[in-house]
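1. need coordinates for the below:
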Amino acid sequence: MENSPKERSEVEAKVLDKVGEVISVVKKAKHVNQVICALHSLAILLFPLDASLLSGAIDERCRELVLGAKAPSADERSKWWQVFYGGAAFSTFARVLLIDIASDWLACFPFSARQHVYDVFFVNGLATEVVQTLVPCLHQSGRDDLDVKAVHSTTERLLILCLLENNGVLQMAREFSSSSHSEDYINENLKPAVSRVAQIVASIPDKAQLRAPTSLSSHFFFKQVTIQLLSLAEERNMNLLEEGACLKSDMNGTLLFVGEIFSRVCRRGSVDVLLSEIIPRVLSHVRSLLSLNIDPLVSDVFESYTGSQFWLNMIQAMKDSYAVERISEQLLHQLATECLSDVEAYWILWLLFHQVSKHQISVRAMFADKFLLWKVFPVRCLRWILQFAVLECPPESNSLAKGHNTRNFLDTLQHLVAVWSNKEFVQSAPTEQQIYVSAAVGLSLEKMSKEELDETKDVMHSILKGVSCRLESPNNLIRKMASSVALAFSKVIDPKNPLYLDDSYTGDTIDWEFGLSTPEKGTPEQGIDKTETSTTSVLEKGFTHKGNDEIASNGKSKNKKITESKLVDPDEIIDPVTLNYESASDEDDNDDASENSDVSSDSSLQPYDLADDDTDLKRKFSQLVDVVGALRKSDDADGVENALAVAEKLVRASPDELKHVASDLVRTLVQVRCSDFAVEGEEDSAEDKRQRALVALLVTCPLESLETLNKLLYSPNVDVSQRIMILDVMTEAAQELAHTKIIKPKQARALIATTSETQAWFLPSDIGPPGSGPWKEISESRSLLNWTNRYERELPSKPGQIKRGKTRQWSLRSANKQEAQLEWSHNKFPVYAAAFMLPAMQGFDKKRQGVDLLDRDFIVLGKLIYMLGVCMKCAAMHPEASALAAPLLDMLRSREVCLHKEAYVRKAVLFAASCVLLSLHPSYVATSLVEGNIEISNGLEWVRTWALQVAESDNDRECYTMAMACLQLHAEMALQASRALDSPEATSISKNVGLPSSLSKGTIIIPQSSVKYQ
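-> Okay, the predicted model is just below:
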């Protein structure tokens, strides 16, 4: 019953007088019993107390006062309670309770007294007012006469008691519901009050002290708050929710409070805690309705069910768009980990988001635009999004179904296809996002009909544009996306004649995950400093593992393995005629196997088909001139095939005519079209023979062959596939030259020592004990950087030392034949490094007829940069590398190259820059700084800053991984250079050389260190 204004004023005056009286007694109290009696005199006017519960905790005089106190009637007590908590009395009195009494007297209170005359003012009070009074005391500042620690601990205890143990948050939700119905609490005041209280409640974990109870930690606190508020969904009568509240601007206060609390929980990063309680409850609710076996199960069934009202309005009550997006995104990810069907997932999304998406454009755009184009979800989540937001109908048997309203479907599909076909999207979007959008386009096309295609304007044009753009990519996965979408689109046009651009497709179902599981953030990359894995292998893998078949994308051959190192014996005599019928494989015949030509086998007496005599009549090539002539006869397919079969071995025989024929042979091999004469299915074999022949030419006759190849590289008469082949051949040849092995016969030692030795200059001296083995080069596998060449040899046993025996292999060959030869490893590449690199770097940025490396032919540019990086690595630790590093870095740092829009090119630049870091000797870097070589110091500093920029901002994951590896190499190089600067040799040089003023610009910075060498 409402009080009249006059009566309310009278009660308010009495309440204030009583509060003032109690505060005065507390201030003057000399004993704790006086404080207890004073608090009891006020508490009995507000709450129904049993005085006998306090009788054993106080002395006899105070006991008589407590037992003799007269309790008011229930109606009068209710009036006092409303005035006390609705006005200024509670806030004033609570300050005394929380500061003065908590600091000075509360520790002396018996448990029963603390519970019935102290805690009761907070536990049985108005929860919204209590929380607004308690929370500010968590940051109470100290005074000389104040025990701040006691104040904080008391406040934390009361918060746990009121909000968690007594369901204070649920009580607040109910209080706001009653407030929205009262005449003196209009809607304009309700929303700010709800927002203020929700803000205070959500801030409690942040404001709690460092050693506060775990109940006030964000995870536990928000979990308990969520459980309390979700209990509203279990109240089947829903008396707290107005019928049709979702259609009114003045939404029920309970829902407003729930929405504000959930929004702020999401804002504070605890959306996972929120969803861990929401998902089981809403899933149980959906399954309970599905178990009714209502056929068909339509939306009206869910809307009419009383238990659905809370879920239908919960998300709409969240006014924070960011919180709605966060909870929607996390909901989809967590549902993907649950064992639920597509039907269950659809109805969960419908229950939570149907109302809000119907009334808010931003939520519709979130599902139909942001969640389809700019976010990445598992493919099963993508199906749910399409079904709910685009197709707008329940699925059928866990498969996509299309509703009657197709306008939204067609508009969304047109928008998807327009973005998917954009070339900038292909160039800049991460691979994961391209997979996701391609799957969205493909799944939508699977639900499209030929009639709907005719209604659209630009879908066909956009599909063809997007497929064409992706087929040009060096990334096999991106080309697979184009093939999948093209297949789905062809089924729309003619279901009986699907278009297969990829032979790997089997059956009618398309794998829209493309064989990959959805990547998750935080997946650890493989360590780049493991014993068996070097940084350079990470960099090389990052660039090449997706580009192994870019020639195949143009209908040409695939990249082949690097030609194995050959053993070159200058004294070997080869008959060119015998090369025609040797095995085409690289495996040599076993020399250890003895042969007896006089022994006839039974197979020699078997009859044979005379038709096979054609192979015996084929022309035998013994001269390179004949090979060139045969290759030029494009109408003689057999002749071209036979010439390719023997070209490599004839070239490696190094005949006298090689230098004179090399240029013509290189040009002819590049221009021959293997696909024109090769048998269908054997094109790769012919391409392999051609490439191996070109590699052999570059290895045996480098200068003449390189002169021709460099002219052809930018010639308008060759196509992209031929340019890529030229660069691949140059890369393989450089690696073979760098790993060439030389076999020399071991010379008998003269009795008189000579001043000159027959061994190579780069091997250590043969001085040592008699019986020492030959020097062999060993490679460092544990270090990221191999700055020196190391050699080892076997030493004879000391006198008296016993060695374990070894397994011996017996044969008819002389046991001393192998010992009579000495195998040397010799890097023959550095002397040809300039011929490989400098002509290729000249004019790469010029646009000519048929040549546009910076834009259209970006694959060629990436291959070119990769080849230059391999060349630098092959010349590592040699003077040639130091001379070629500056022009290569100058090419890499050009804006058109290092900031290229294609990730393929950026990965190549990272690889080449890392190869430069590997190839430079630390002493050269140190000397360059001392002598003022600004080109090297500026170039190395650019590598560091650019790699940092890529690691921070590049959206391609492989670019990020390679940039981090590059930074590690730079740090190692800087550390080695700093040690070289500290060496005595560098110190003496710096004393004798006058440093130019420009040296101050040269710096080496070691990442994660404050050391800077200038």
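
2. make it CA atoms for all contacts and neighbour counts henceforth
-> Will do.

3. for residue 497, give me the backbone phi and psi.
-> When read as degrees, to the nearest 10, the backbone of residue 497 gives phi -130, psi 70.

4. show me the contacts for it.
-> By CA atoms under 8 Å, 6 or more residues apart in numbering, the contact set of residue 497 is 490-491.

5. in terms of pLDDT, where does it sit?
-> pLDDT recorded at residue 497 is 87.

6. swap in residue 573?
-> Confidence score, pLDDT, at residue 573: 44.

7. switch to numbering from 34
-> New numbering, starting at 34: the last item is residue 606.

8. show me where pLDDT drops low in the stretch 484-633 of the chain?
-> 539-540, 549-633 (pLDDT under 70).

9. do the same with the stretch 34-183 of the chain
-> 34-36, 88-90, 175-178.

10. next: the stretch 834-983 of the chain.
-> Using pLDDT under 70, the stretch 834-983 of the chain drops low at 834-858.

11. which stretches of it form helices?
-> Under the criterion DSSP state H, counting those that start in this stretch, the stretch 834-983 of the chain contains helices at 866-874, 891-907, 912-925, 928-931, 936-952, 955-964, 967-986.

12. just name the most buried of those helices.
-> A comparison of these by mean neighbour count, using mean count of other CA atoms under 10 Å, puts helix 936-952 on top with a mean of 28.

13. export it to CSV, keeping only CA atoms.
-> Output of helix 936-952 as CSV, limited to C-alpha atoms (Å, rounded to 0.1, in the frame of the first residue of the first chain):
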residue,chain,number,x,y,z
ALA,A,936,52.8,-12.5,-51.0
TYR,A,937,54.7,-14.8,-53.3
VAL,A,938,57.2,-12.0,-54.2
ARG,A,939,57.5,-10.9,-50.6
LYS,A,940,58.4,-14.4,-49.5
ALA,A,941,61.1,-14.5,-52.2
VAL,A,942,62.5,-11.1,-51.0
LEU,A,943,62.6,-12.5,-47.4
PHE,A,944,64.4,-15.6,-48.6
ALA,A,945,67.0,-13.6,-50.7
ALA,A,946,67.6,-11.1,-47.8
SER,A,947,68.2,-14.0,-45.5
CYS,A,948,70.7,-15.6,-48.0
VAL,A,949,72.6,-12.3,-48.0
LEU,A,950,72.9,-12.4,-44.2
LEU,A,951,74.2,-16.0,-44.5
SER,A,952,76.7,-15.2,-47.2
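
14. next, the angle helix 967-986 makes with that helix.
-> Going by axes from the mean of the first three to the mean of the last three CA atoms, to 10 degrees, helix 936-952 is angled at 130 degrees with respect to helix 967-986.

15. what is helix 936-952 packed up against?
-> helix 568-577, helix 891-907, helix 912-925, helix 928-931, helix 967-986, helix 990-1015 (3 or more CA pairs under 8 Å, 6 or more residues apart in numbering; DSSP states H and E).

16. give me that answer again for 7 Å
-> helix 568-577, helix 891-907, helix 912-925, helix 990-1015 (3 or more CA pairs under 7 Å, 6 or more residues apart in numbering; DSSP states H and E).

17. figure out which of these is closest to residue 56.
-> Smallest distance to residue 56 across the helices and strands packed on helix 936-952 (CA to CA): 66.7 Å, for helix 990-1015.

18. quick one: buried residues of the closest one?
-> For helix 990-1015, burial by neighbour count (16 or more other CA atoms under 10 Å) applies to 991-1011, 1013-1014.

19. related to what we said a few turns ago, among the helices and strands packed on helix 936-952, which comes closest to residue 125?
-> Nearest of those (CA to CA): helix 990-1015, 59.6 Å.

20. mean confidence score for the closest one?
-> Here the average pLDDT along helix 990-1015 is 89.

21. so what's residue 296 up against?
-> 351, 353, 356 (CA atoms under 7 Å, 6 or more residues apart in numbering).

22. look at the last one and say how many residues are nearby.
-> Around residue 356 sit 23 other residues, with neighbours defined as other CA atoms under 10 Å.

23. which secondary structure element contains it?
-> For residue 356, the element it lies in under DSSP states H and E is helix 354-369.

24. kindly report the same for the first one.
-> Using DSSP H and E, residue 351 sits in no helix or strand.

25. tell me what the helix holding residue 356 is packed against?
-> helix 286-300, helix 412-418.

26. list the buried ones in the shortest one?
-> Taking 16+ other CA under 10 Å as the neighbour-count basis, helix 412-418 is seen to contain the buried residues 412-418.

27. chain center to it: distance?
-> 21 Å (CA atoms, centre = their mean, to the nearest Å).

28. now the next helix or strand after that helix, how far from the centre of its chain.
-> Remark: after helix 412-418, the chain's next helix or strand is helix 440-453, criterion DSSP H and E. Distance of helix 440-453 from the chain centroid (CA atoms, centre = their mean) equals 28 Å.

29. run through who's touching the helix or strand following helix 440-453.
-> Next in sequence after helix 440-453, counting helices and strands by DSSP H and E, comes helix 456-461. Helix 456-461 is contacted from outside by 452, 502, 934-935, using CA under 7 Å, 6+ apart.

30. which strands or helices does the next helix or strand along the chain from helix 456-461 pack on?
-> As assigned by DSSP H and E, the chain's next helix or strand after helix 456-461 is helix 464-478. Under the contact definition 3+ CA pairs under 7 Å, 6+ apart, helix 464-478 sits against helix 440-453, helix 509-526.

31. only the C-alpha atoms, please, for the first one, written as CSV.
-> What it means is helix 440-453. The C-alpha coordinates for helix 440-453 follow below in CSV (Å, rounded to 0.1, in the frame of the first residue of the first chain):
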residue,chain,number,x,y,z
ARG,A,440,15.8,-12.4,-52.8
ASN,A,441,18.1,-12.2,-49.7
PHE,A,442,19.9,-15.3,-51.0
LEU,A,443,20.6,-13.9,-54.4
ASP,A,444,21.7,-10.5,-53.1
THR,A,445,24.1,-12.1,-50.6
LEU,A,446,25.5,-14.4,-53.3
GLN,A,447,26.1,-11.5,-55.6
HIS,A,448,28.0,-9.7,-52.9
LEU,A,449,30.0,-12.8,-52.0
VAL,A,450,31.0,-13.4,-55.6
ALA,A,451,31.9,-9.7,-56.2
VAL,A,452,34.4,-9.8,-53.3
TRP,A,453,35.7,-13.3,-54.2
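
32. quick check: mean pLDDT of it?
-> Helix 440-453 comes out at a mean pLDDT of 92.
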